[in-house]
Structures are given as structure tokens and as C-alpha cells.
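Trainee: pasting a predicted model and its sequence here:
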Amino acid sequence: MKRFLLAIIFGTAVTTLASAQDQSTQNQIIQTLQKIADAPGPSGFEEPIRKVMVDYMKPLSSSLRYDGMGSIIATQGSTGPRVMVDAHMDELGGMIRRITPNGFLTMQMLGGWLDQALVDQRWVIIGANGAVHAVTGIRDIHVVPPEERTRVFSRDQLYLDIGAKNEAEVRAMGISPGDPVVPDSPFTVLNGTENYLAKAWDDRVGCAVVIEAMRRLQTQPHPNQIFWTITTQEEVGLRGAHTAADVVKPDIGIALEGGITGDVFGGHAEETQVRLGAGPGIFLYDSSALPNRKLVAFTKETAAAKAIPLQTDLVQGYGDDSAELQKAVGGVPTVNLVVPIRYTHAHNGIMNRKDFDQMVDLLVAMLQKLDAPTVERLRDFTP
């Protein structure tokens, strides 16, 4: 009886310890997601998010350097095929264009904003004296004629209001033309669910996948050289991916992105087929790139072997870094993998934690299988 009781006590203690460790890991990942999502960093102004990413990546890598556009290139492994895993750190934002005499500001948008996403929103301007809060105003319904109430308010009619009365007060706050502007939308666990609300999931979710995959592969074997590449200026033309690929010279390219869900607004089934909470996705087509068919098959096989649900999607009007990776060094087999996101390119996006975790599982499994014979097969186009 004594041995039986001791076994129960020991088993309970082990279960409790495992549960506590699992909860600690869960909390660590939430903290990582929050820190990465909240960091400012619109295209061309990536310094704050670059610092956050370097702090995470440097202890996990054997070397870390930068290209001439400010992209981060961290490595794990020193032999085998050169596998480039890409996520971009820049987010949609803007920059100050002009200060008006009465203290308002106009803004040059950076990235693909819809005009209807800009009105009556809170923003943060990163000025010389630190963060300055702002709002894009909206005309009062009491004075808008009925025929104009359903019209989109053009970005050229928008002003940032920071509470200043004149240009001198704006300057005193440390604001000048050219200063970066980012959405003001703090990370939130959405009402106790596994859905997380934040700005910039495009592509901070990919950046977080990189961190979690690096953590695992720091202690697990892989038969290749992994170049973890966090690029700049994707939202204004995939620029950092181009220069980073020039440096890495990859044999295989894997881009990580925020996908587009089709589970909210009905009647548009051909726009996107991905749903939130149904697993990671793979793009079979987008406007900028066609993936390597053998690499697509390899991804599907790996997901099936690990019992990971894999959604497929084809999207018009979408571009991603894989378009630049596949054109590097004479051509690189490339694929674009996505964590589904609701409401991309706006202040408030939503990701699902299970989708994120399964994307990390899939990426790690792929990297552990990409040995020299597999990469040679993927790169072989002999009829």
C-alpha cells in the first residue's frame, strides 16, 4: 500500500511539474508574440523591431550579421545545403509629409493601405523626442450631407491631429517631415480565447515563427545550414529579400507570411480559401510568385506525416518575399507558407495560436528532412 501511495504521489508530482513547464512555455510564447507585434517598425524605419529580433536571435545562432538594407541574417549549422528561411520585419505605416500652419500633419502611407482603414484611427509618431500619439480625424455626421455618408474618405483628405495649435508646437514635440508613423493597436489575448489581436501580424507572426523554430533547432539535429533571414522593406517592394538573398545564396527558400482568411465576409469564395484555426497554409499561387512544385509536394508530405492540417490557397493581389528568393543566384526552389490572419493591412489583425504552433511544427519538420539528397532532388529539372 505504501508503494502504491508513493507511486500516486510521484506520478501526481511529475504531472504537475510537466503542466507547470508547459504553462511556462505557453506564457513565454505569448510574451514573444506580444513583444514582436507591439514593436514599431514601418518600412525603412525598422530599427526598433530589428533590436527586438536581434535580442531573441543572437543567443540562438552561431553567427549573426546584416545586409546593406538592414536585414538580419542568422545561421544555425555549418554544413549541408543552404536553406534560407525568410520573414519580413517591416509593418504597414506611414511617414510625416507636411506640417500645416494650424498644427495638423499630413501623412505619406507606406504599404498597401485601404483608404477606408485609415479614418478615425489612433497612430504613434516616432519623433526626435520619442512617441507622439495622434489620431486621423473624421468629419462629424451632423455636418456631412446624406449623399456623402457612405463614401470612402480619401487619404488625401486626412490629417493627423496631435493636439497642437500651430507648427511651432508640432516642432516642440520633436516632429519633423519624414518621421515614421505606426498604428496604435496593442497586443491583446482576445477574451480568453486562443485568438490574439494586434497590429502588424503581417509579418510579425512569421518573425515569431522564426524565433520558436530557432529555439527548437538549437538543441535538435538538422542536416543543413539554416539562414534565418528577417528582411526589411517588404511592404514597399520586397526590397530586403532581394539583397538578403544576394548575401545568402540559398539552395532552397522558405518564406513565412501572414495569410488571408476568407471566413468572415461571405460571397467571395474565390478570393481566399483559408480559415482561422484550421491550420497553417501554403500558397499555390499569388500575383508575385509560383512555388516550386516539388517543394510544394515535399511540404504536403511532411505535413501529412506529422498529422498537421495544411490549407492551400491561391490569392490575387498578393506579393511576398518568395518572389525575390526564387529569382536569386540563377533560380531557387521556393515556397510561401502562411499563418492565417484576419484583417491584414489594417490596425487590428487576428491570429490563432493553434495555427501558429502547427506552423512551427511544420517548419521544424521540414528543416530536419532537407538533407543534401532531398535538396538535390528538389533542384533537379532533368526531364
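Mentor: Noted; the coordinates are in hand.

Trainee: can you name the element that comes right after whichever strand or helix holds N336?
Mentor: Assessed by DSSP states H and E, N336 sits inside strand 334-342. Downstream of strand 334-342, the first helix or strand assigned by DSSP H and E is strand 349-352.

Trainee: elements contacting that following strand?
Mentor: Under the contact criterion of 3 or more Cβ pairs under 8 Å, 6 or more residues apart in numbering; DSSP states H and E, strand 349-352 touches strand 195-198, helix 201-217, strand 334-342. The C-beta positions use only the backbone N, C-alpha and C, and glycine is treated the same way.

Trainee: follow-up on the earlier one: chain center to the strand holding N336: distance?
Mentor: Relative to the centre of its chain, strand 334-342 is centred 9 Å away, using Cα atoms, centre = their mean, to the nearest Å.

Trainee: how about the CA coordinates for it, as PDB?
Mentor: Provided in PDB are the C-alpha atoms of strand 334-342 (Å, rounded to 0.1, in the frame of the first residue of the first chain):
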ATOM      1  CA  THR A 334      10.900  28.300 -53.100                       C
ATOM      2  CA  VAL A 335       7.600  28.100 -51.300                       C
ATOM      3  CA  ASN A 336       5.500  30.600 -49.300                       C
ATOM      4  CA  LEU A 337       4.000  29.200 -46.000                       C
ATOM      5  CA  VAL A 338       1.400  31.300 -44.100                       C
ATOM      6  CA  VAL A 339      -0.200  31.600 -40.700                       C
ATOM      7  CA  PRO A 340      -3.800  32.600 -41.400                       C
ATOM      8  CA  ILE A 341      -4.600  36.200 -40.300                       C
ATOM      9  CA  ARG A 342      -8.000  38.000 -40.300                       C
END
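
Trainee: report the mean confidence score over it.
Mentor: What strand 334-342 shows for mean pLDDT is 98.

Trainee: mind listing what that strand pairs with, with the direction of each?
Mentor: strand 252-260 (parallel), strand 281-286 (antiparallel), strand 349-352 (antiparallel) (DSSP bridges).

Trainee: in the second one, what counts as buried?
Mentor: By neighbour count on 16 or more other Cβ atoms under 10 Å, the buried set for strand 281-286 is G281, I282, F283, D286.

Trainee: for the stretch 101-250 of the chain, what spans make up the helices?
Mentor: Along the stretch 101-250 of the chain, the segments classed as helices by DSSP state H, counting those that start in this stretch run 167-172, 201-217, 239-248.

Trainee: need the strands paired with strand 334-342 in JSON lines (columns: mean pLDDT).
Mentor: Listed next are the strands paired with strand 334-342 as JSON lines, based on pLDDT from 0 to 100:
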{"stretch": "strand 252-260", "mean pLDDT": "97"}
{"stretch": "strand 281-286", "mean pLDDT": "96"}
{"stretch": "strand 349-352", "mean pLDDT": "98"}
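
Trainee: nearest to M84, out of those?
Mentor: strand 252-260 (4.9 Å; Cβ to Cβ).

Trainee: shouldn't R82 be in contact with N224?
Mentor: Yes. The pair R82 / N224 is scored as a contact, 7.4 Å apart, by Cβ atoms under 8 Å.

Trainee: who's more crowded, these two?
Mentor: Counted by other Cβ atoms under 10 Å, R82 and N224 do not tie: N224 has more neighbours, with 23 against 19.

Trainee: my guess is the more buried one meets V375, correct?
Mentor: Yes. The criterion here is Cβ under 8 Å, and N224 meets it with V375 at 7.5 Å.

Trainee: could you say which helix or strand contains K294?
Mentor: Using DSSP H and E, K294 falls in helix 293-305.

Trainee: tell me the mean pLDDT over the helix or strand just after that helix?
Mentor: Sequence order places strand 311-315 as the next helix or strand after helix 293-305, per DSSP H and E. The average pLDDT within strand 311-315 is 95.
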